[in-house]
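*Asks:* Here is my input; please provide its structure:
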Amino acid sequence: MAVTEIPSGTELAQRAAALVTPLRERAPWAEENRRLHEETIEAMADAGVFRLRVPARYGGYEATTRTLLDVAAHLGRGDGSAAWTASVWWIPAWMVCQFPDEVQDEVFSTPDVRVCGTLSPGGMATSADGGIVVSGRWGFISGALHSHWQQIIAVVPSETGEMCPVLALVPMADLQIVDDWHTSGLRGTGSVSTVADGVFVPRARVLPLEALLSGQGVSAANAGSPVYRGPLLPVASATSVGTVLGLAEAAREAFFERLPDRKITYTTYDSQREAALTHLEVAEARLKADEAGFHARRLTDLVDGKGASGEAWSVDDRVRARAWLGRATHLGRESVDVLAGASGGSSIYQSAPIQRIQRDAHALTLHALMHPSTNFELYGRALCSMEPNTLYI
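*Replies:* Here you go, the predicted model:
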């Protein structure tokens, strides 16, 4: 496939911004049907969203994580589920780029290919002639209903009896879908479970998980690209952080859209806009959102900077990446909560977008990678000169 001209990060962000209104219009449908609308998928494809982490040699854009942040933030203004699902597709796409080049040839031969996945082991595998055979179940697979491939993690016994986690690429046609996504937030992500029952995976489509955690991909063609350097978890952290910024902005826009016509019941205020309490609340929400953006941007700067320089990642660098993700997520959710709390009783109707925005923000903070308290504890351990208690850094 011929290399195409790569749009600038600004242009890609502008394309995403143009999707805000149609995403908002289809967000209630996505929530009710627990999946993204097909027109949303088509619009995201037309905007190049699915090519952001694809190598240029396949017609992709090899976008930086700062560009991913900007694009996801705009998508999140329209629909948190669309933004989160896009981010989830970007992470496995980056993982594919760590595999042998012939595997990439196979995966990226599909235009606007979408690869879903997980960071959690959910299966067992046994060695077989030419590969492995996998059985297992994986949950929270965002975007599975619209994906072509899934990245799975399974455990394989080694010759010494040790259990070694591996990452494998499996066509969605080889997996069963379990429609179990009945949740309070991010309902439009369609994050169903998937099941493998004795699925054979060729050895070329299998990598040790440790290789990705330590930033040791095997692709020859991508070895010189700064986008594909670095350990998995900091890259995943920087890839995930944009959605919460978009939700914070969505909450602000939804609040101010209703503000001029809202009274404060049981008071003499004919307009909520005139109340000193409102002034304090909107200032607090905006400052929290701004502070969330600060942490998000320095996270992407860290990942992109080290990718460009080729500088090695220290344990401290990795822990800080998780901490900044947690802080941005925490502050973004708090910004949403302030405005939701100031929106009055009428905001609990399903017709009021802010109730969905708040539920999406809360669901986001419960994700194991995003969870603020978990990330803060990890950071605190490092500050106290203790070893990390996780491989996921």
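*Asks:* What ranges does the stretch 51-200 of the chain have for its strands?
*Replies:* In the stretch 51-200 of the chain, the segments counted as strands under DSSP state E, counting those that start in this stretch are 115-117, 123-128, 131-141, 149-157, 163-171, 176-178, 192-202.
*Asks:* Pro388: which of the ones you listed is closest?
*Replies:* Nearest to Pro388, of all these, is strand 163-171, at 16.9 Å by CB to CB. Quick note: C-beta positions are derived from backbone N, CA and C, even for glycine.
*Asks:* and that closest one, what does it pack onto?
*Replies:* Judged by 3 or more CB pairs under 8 Å, 6 or more residues apart in numbering; DSSP states H and E, the packing partners of strand 163-171 are strand 131-141, strand 149-157, strand 192-202, strand 206-208, helix 209-213.
*Asks:* Now do the same contact list for Gly242.
*Replies:* 68-73, 75-76, 83, 87, 296 (CB atoms under 8 Å, 6 or more residues apart in numbering).
*Asks:* Between which two of these is the distance greatest?
*Replies:* Leu75 and Ala296 (14.5 Å).
*Asks:* shaky segments in the chain?
*Replies:* 1-4 (pLDDT under 70).
*Asks:* mind giving me the domain ranges of it?
*Replies:* Per the record, the chain has its domains at 9-113, 115-208, 232-383, by automatic domain parsing.
*Asks:* Reformat these as JSON lines; add distance to Gly224.
*Replies:* As requested, these are exported to JSON lines (distance: least, CB to CB, whole Å):
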{"stretch": "domain 9-113", "distance to Gly224": "11"}
{"stretch": "domain 115-208", "distance to Gly224": "19"}
{"stretch": "domain 232-383", "distance to Gly224": "10"}
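*Asks:* picking that back up, looking at the strands of the stretch 51-200 of the chain, which is closest to Ala312?
*Replies:* Across the strands of the stretch 51-200 of the chain, closest to Ala312 is strand 163-171 (CB to CB), at 22.2 Å.
*Asks:* Sticking with Asn375, tell me its helix or strand.
*Replies:* helix 372-383 (DSSP states H and E).
*Asks:* Quick check: buried residues in that helix?
*Replies:* Neighbour counts over helix 372-383 (16 or more other CB atoms under 10 Å) mark 372, 374-375, 378-379, 382 as buried.
*Asks:* so which of those comes closest to Phe256?
*Replies:* Of all those, Pro372 has the smallest distance to Phe256: 26.4 Å, by CB to CB.
*Asks:* can I assume the closest one is in contact with Thr365?
*Replies:* Yes: counting by CB atoms under 8 Å, Pro372 touches Thr365, with 6.2 Å between them.
*Asks:* So for the two, which residues contact both of them?
*Replies:* With CB under 8 Å, 6+ apart, Pro372 and Thr365 have common neighbours 329-330.
*Asks:* Quick check: the gap between the residue lying closest to Ile41 once chain neighbours are set aside and Trp89.
*Replies:* Nearest residue to Ile41 in three dimensions, chain neighbours excluded: His146, at 5.5 Å (CB to CB, 6 or more residues apart in numbering). For His146, the distance to Trp89 (CB to CB, to the nearest Å) stands at 9 Å.
*Asks:* cool, Phe50 as well?
*Replies:* 7 Å.
*Asks:* What of Glu281?
*Replies:* As judged by CB to CB, Glu281 and Trp89 stand 35 Å apart.
*Asks:* now swap in Asp261 and tell me
*Replies:* Counting by CB to CB, the gap from Asp261 to Trp89 is 39 Å.
*Asks:* Pull the contacting residues for Tyr392.
*Replies:* 119, 213, 233, 369.
*Asks:* For it, what are phi and psi?
*Replies:* Torsion angles at Tyr392 (phi, psi; degrees, to the nearest 10) stand at phi -90, psi 70.
*Asks:* any idea how far Ala368 is from it?
*Replies:* Between Tyr392 and Ala368 the distance is 8 Å, computed by CB to CB.
*Asks:* same question, Arg53
*Replies:* Using CB to CB, Arg53 is found at 21 Å from Ala368.
*Asks:* Helices of the chain, start to end?
*Replies:* Along the chain, counting by DSSP state H, helices occupy 9-17, 20-33, 38-46, 65-78, 80-96, 101-107, 209-213, 232-240, 242-258, 276-309, 315-341, 353-365, 372-383.
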